[in-house]
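# Take this sequence and fold it.
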Amino acid sequence: MSLPSEQNWLVLHHLITDLNKKGYEMPGGINPEMGLIRSTISSYKRDPSHPDLINGLAKAEMSLNTIQGTLLTIAEQEGEDYVDEWLELLKKVMRGEEVFEFPKSRSTFLVNTPPGLTTGRINLKVPLAEERVQEIAEWNGLIIEFDDDVTIELHGDKPDLQVGLKEMGSFFLEE
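Below is the predicted model:
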């Protein structure tokens, strides 16, 4: 299930793409801002209960509204029918309809780090006993996530993460 803000982002992304194809120049800050908004939405989806992420999503939605106004002003140069076409898509989004499907990423190395923490990722040659990793993580105050049997993500303060990764260094040599 897609969030309304994610669908709004997708509609605006498609509008930017279409306007670019038609030869319109986008104001300088729109594309970087769209990237930040996408990251914010992804982070929120990963942990919708975190207060910082809830506030970040609210700010992202306000930014989307600002970008929407700018893009629709540019779109007016294409005529009323063109603007109405995009407004109809945006109305569908407001009603909670899924207008576009968000493409699934095949990348598994992109991680949304919890706010204020640093992330480390370990890819092992062979699976190992989960208890060994959990002991080191707990001892160093790290949050641990197992992506699969051989991929581990660690989140924590940078100095603690560095110590924990050093302690787990021997795991890389195991076969």
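
# Name the next helix or strand downstream of the lengthiest helix in the chain, please.
When the chain is parsed with DSSP state H, its longest helix is helix 51-75. Where DSSP states H and E defines the elements, the next helix or strand beyond helix 51-75 is helix 80-94.

# Check which element follows that following helix along the chain.
That would be, after helix 80-94 and using DSSP H and E, strand 118-123.

# Just the buried residues of that next one, please?
118-120, 122 (16 or more other CB atoms under 10 Å). For glycine as for every other residue, the C-beta is placed from the backbone atoms N, C-alpha and C.

# Kindly report the same for stretch 79-87.
82-83, 86.

# Closest to residue 55 out of those residues?
residue 86 (28.5 Å; CB to CB).

# Quick check, pLDDT for the residue sitting nearest the centre point of the chain.
Geometric centre of the chain, nearest residue: residue 42, 2.7 Å, by CA atoms, centre = their mean. Residue 42 is assigned a predicted lDDT (pLDDT) of 80.

# Please, which helix or strand holds it?
Going by DSSP H and E, residue 42 is part of helix 30-46.

# helices or strands up against that helix?
When contacts are defined as 3 or more CB pairs under 8 Å, 6 or more residues apart in numbering; DSSP states H and E, helix 30-46 packs onto helix 4-21, helix 51-75.

# angle of the longest one against helix 80-94?
Regarding helix 51-75 and helix 80-94, their directions subtend 160 degrees when assessed with axes from the mean of the first three to the mean of the last three CA atoms, to 10 degrees.

# Can you point out the buried residues in helix 51-75?
Quick answer for helix 51-75 (16+ other CB under 10 Å): 53, 56-57, 60-61, 63-64, 67-68, 71-72, 74-75.

# Tell me the one of those nearest residue 34?
Of those, the one sitting nearest to residue 34 (CB to CB) turns out to be residue 67, at 6.9 Å.

# List the contacts of residue 76.
Going by CB atoms under 8 Å, 6 or more residues apart in numbering, residue 76 touches residue 83.

# what sits against the nearest residue to residue 56 once chain neighbours are set aside?
Spatially, and ignoring its direct neighbours in sequence, residue 56 is nearest to residue 40 (4.8 Å; CB to CB, 6 or more residues apart in numbering). Applying CB under 8 Å, 6+ apart to residue 40 gives the contacts 53, 56-57, 59-60.

# Repeat the analysis, applying 10 Å as the threshold.
Contact analysis of residue 40 by CB atoms under 10 Å, 6 or more residues apart in numbering lists 5, 9, 53, 55-61, 63, 112.

# Ok, residue 92 next?
Neighbours of residue 92 in contact, by CB under 10 Å, 6+ apart: 7, 11, 98-99.

# Can you tell me which of the residues you listed is closest to residue 32?
residue 11 (18.8 Å).
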